[in-house]
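**Q** here's a sequence, model it:
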Amino acid sequence: MRMRFVRTLLALAGGLLLFTLGVPPSRAAEPVQVTYWYPVDLGGGLAGVMQSLVDEFNAGHPDVHVTASYTGNYDLTFQKIQAAALSASLPDVAVIVNDHTQVLAPGTLEDLDGFVRKAGGKNYLARFFPSLLLNSYSGGKLYSLPFQRSVPVLYYNKDAFAKAGIAEPPTSWAEFIADAQKLTVRNGNDVTRWGAEFPLEAYNWIYYALVYQAGGAVISPDLKHLELDSPAAIAATQYWWDLVNKYKAMPAYTPWPAGSQDFASEKTAMVVYSSGAQAFFRQSAKFNWSLVRMPHGKRSGVAVGGGNLVLFKKSPAQEEAAWKFLAWMMEPAQQAHWSAKSGYIAAVRAAWNVAELKAVVAEHPEVLATVKQLDEAYYEPSAPNFTQIRDALHDTLQDIMANKVSLRGGLNAVNAKGNALLASHP
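**A** Sure, this is the predicted structure:
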C-alpha cells in the first residue's frame, strides 16, 4: 500500500511538471510514428537483419518508433511507391535503388540539403566514398544517401579452376574468354556446367560495366543523349555476344535470380554478380570460391548499384523524426553491421574501422576487392524518364544474344527510341 501511494505521488508530480512546461502528459509519452519500406534483392536472410537494426533503433530512441515493412525487390518497391504517391500513403523513409533517385526526384522525394547542412555539410558528406554519391543528386540538390551499395564482381569456383589447370582468376577480357571455354563442361551436346554467366537483370548493370570497360559511356553527362551507338557500346555487346555464340561458354540468357543459384549449385564456374551476394554464397556454396574485381577491357570500370535511403515529403516534425532514423542508419556501427551480415559495401569510410567489419575482412580479405572498385566506378545510367529506356535495352540485349535482332540494329533502335524519350522531358 505504501509503495503504491509513493508511485501515485511521483506520477502526480511528473504530470504537474509537464503541465507547468505546457506539455500535455498524454502526448509527451507518445513517440512519432515513422514508416519505413525496404527491399532486399538478395538472399541470405537479410530481412531479419534489417528488422534487428530497426528494433535496436526503437529501443534507443523512445521519442521515435519505426515500423519497417519488407517490400520485395527494387522494382516491386518502386511500383509500391508509385501507387502510394497516387493514394497519398507514402512511407516516411525508404530504400530505393540508387538510380531511381533521378526518377522520383523532385516531385516525390524531399531534398536532404537542409538536414545535411545541419549535420555538417561538406564534412558530413565527406564520410562517404565519393563514387557512392554519384546518383544521389538531381537538379543540383541532394535527394538520397548511399546505404546498401554494391558493385558487380567476379565470383569463381576455386575447385573448378584447379581441376581445369587454371592457376589464377582472369584479369582481362581475353583471359576471361579463355578461362570460360576451359571451364565449360559438356556431355555430348548438353552443357552440364557453363564456364561463365552474365545474368541479365532489369537494370542492365553488368552491361553498363562492360561499356565503361570498353572506354565508353551509356548516357551523356547532361543526361540528354544516349551513346548506345558508340564504338564502345558496340564492343561491349560484341564481347558478350561472342561468349554466348562464338565461344559457346555462356548461356544466352540467365535471369538475375538464377545467377546466384547457378553458381551455388555449380551450374556455372564463374558468375559476375553483386558483391552483396557474399553472405548468400557463404551459406549456400559447398565448394571453395572467392571473388575478384571484374576483368577489364580497355580499362577497369563498373556502375555502382544497390540502394539509397530517401525521405518523402511530409510535415516538418515527421521529416525530423524520419531523418533521425535515416541518420542513425548511416552511423559507422550500423553500416558495419549491415555490411558484415550482407556483403553490401559499407558506404561510410569509418565503418571499415569498426571491429565487426574488420573481423570479416580478416577472415575474408577478398571483401576489399569490392571497395577497391569504388575508385574506378561511374554513374549508373539514369534520368527522370529512364525506366522505359532501361526496359527497352534489357529486352533488346536479350534478343541480340538470342540472335533475334542484329547487334548494331538492336542498339541503334534503342538509342533512337531512348533519345526521343529523353528529349520529351524538359
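**Q** can we go C-alpha only for contacts and neighbour counts from here?
**A** Noted.
**Q** which stretches of the stretch 301-426 of the chain form strands?
**A** 302-303, 305-311, 345-346, 377-378 (DSSP state E, counting those that start in this stretch).
**Q** which one of those strands has the most crowded surroundings?
**A** Most buried of the strands of the stretch 301-426 of the chain by mean neighbour count (mean count of other CA atoms under 10 Å) is strand 345-346; its value is a mean of 29.
**Q** partners of that one in the sheet?
**A** strand 145-150 (antiparallel) (DSSP bridges).
**Q** and the next element down the chain from the partner strand?
**A** strand 152-157 (DSSP states H and E).
**Q** output the below-cut-off pLDDT ranges for the chain.
**A** 1-29, 41-44, 426 (pLDDT under 70).
**Q** can you rerun that using 50?
**A** Along the chain, the parts satisfying pLDDT under 50 run over 1-26.
**Q** just grab the bridge partners of V292 for me.
**A** L154.
**Q** ok, now the one 4 residues further on?
**A** Counting by DSSP bridges, H296 is bridged to S172.
**Q** what is the burial count for it?
**A** Neighbourhood size, H296 [other CA atoms under 10 Å]: 21.
**Q** S89 too?
**A** Counted with other CA under 10 Å, the neighbours of S89 add up to 11.
**Q** tell me the secondary structure for it?
**A** coil (DSSP: H, G, I helix; E, B strand; the rest coil).
**Q** state the phi and psi torsions of it.
**A** phi -130, psi 40 (degrees, to the nearest 10).
**Q** so I177 makes contact with L243?
**A** Yes: between I177 and L243 there is a contact at 6.7 Å, judged by CA atoms under 8 Å.
**Q** need the residues touching each of these two.
**A** Both I177 and L243 are in contact with A249, where contact means CA atoms under 8 Å, 6 or more residues apart in numbering.
**Q** more neighbours: the two, which one.
**A** L243 (24 against 21).
**Q** list the contacts of the residue lying closest to F325 once chain neighbours are set aside.
**A** Closest residue to F325 apart from its sequence neighbours, by CA to CA, 6 or more residues apart in numbering: F57 at 7.4 Å. By CA under 8 Å, 6+ apart, F57 lies in contact with 66, 325, 328.
**Q** in helices, which of those fall?
**A** 325, 328 (DSSP state H).
**Q** of the contacts of F57, select the buried ones using a PyMOL command.
**A** Typed into PyMOL, the line below selects the buried ones among those, using 16 or more other CA atoms under 10 Å:
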select buried, resi 66+325
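**Q** closest one of the contacts of F57 to E30?
**A** V66 (12.7 Å; CA to CA).
**Q** got phi/psi on H364?
**A** Torsion angles, degrees, to the nearest 10, at H364: phi -130, psi 80.
**Q** check contacts around A85.
**A** T108.
**Q** and the chain, what are its domains?
**A** 25-150+305-370, 152-303+385-424 (automatic domain parsing).
**Q** near Q238, how many residues? Count them for me, please.
**A** Q238: 17 neighbours (other CA under 10 Å).
**Q** start the count at 40 instead of 1 going forward.
**A** Sounds good: first residue 40 from here, last item Q277.
**Q** identify the residues contacting the nearest residue to it once chain neighbours are set aside.
**A** With sequence-adjacent residues excluded and distances taken as CA to CA, 6+ apart, Q277 is closest to L446, at 7.6 Å. Counting by CA under 8 Å, 6+ apart, L446 touches 273, 276-277, 439.
**Q** from Q437, how far off is L446?
**A** According to CA to CA, to the nearest Å, L446 stands 11 Å off from Q437.
**Q** turn the domains of the chain into JSON lines, columns for distance to Y417.
**A** Output for the domains of the chain, formatted as JSON lines (distance: least, CA to CA, whole Å):
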{"stretch": "domain 64-189+344-409", "distance to Y417": "7"}
{"stretch": "domain 191-342+424-463", "distance to Y417": "5"}
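**Q** out of those domains, which is closest to A416?
**A** When the domains of the chain are ranked by proximity to A416 (CA to CA), domain 191-342+424-463 comes first, at 5.0 Å.
**Q** mind checking how far that closest one is from the chain centre?
**A** 17 Å (CA atoms, centre = their mean, to the nearest Å).
**Q** can you tell me the closest non-neighbouring residue to F237?
**A** Per CA to CA, 6+ apart, closest to F237 is V311, 5.6 Å.
**Q** surely the one you found is in a strand?
**A** Yes: V311: assigned to a strand according to three-state DSSP.
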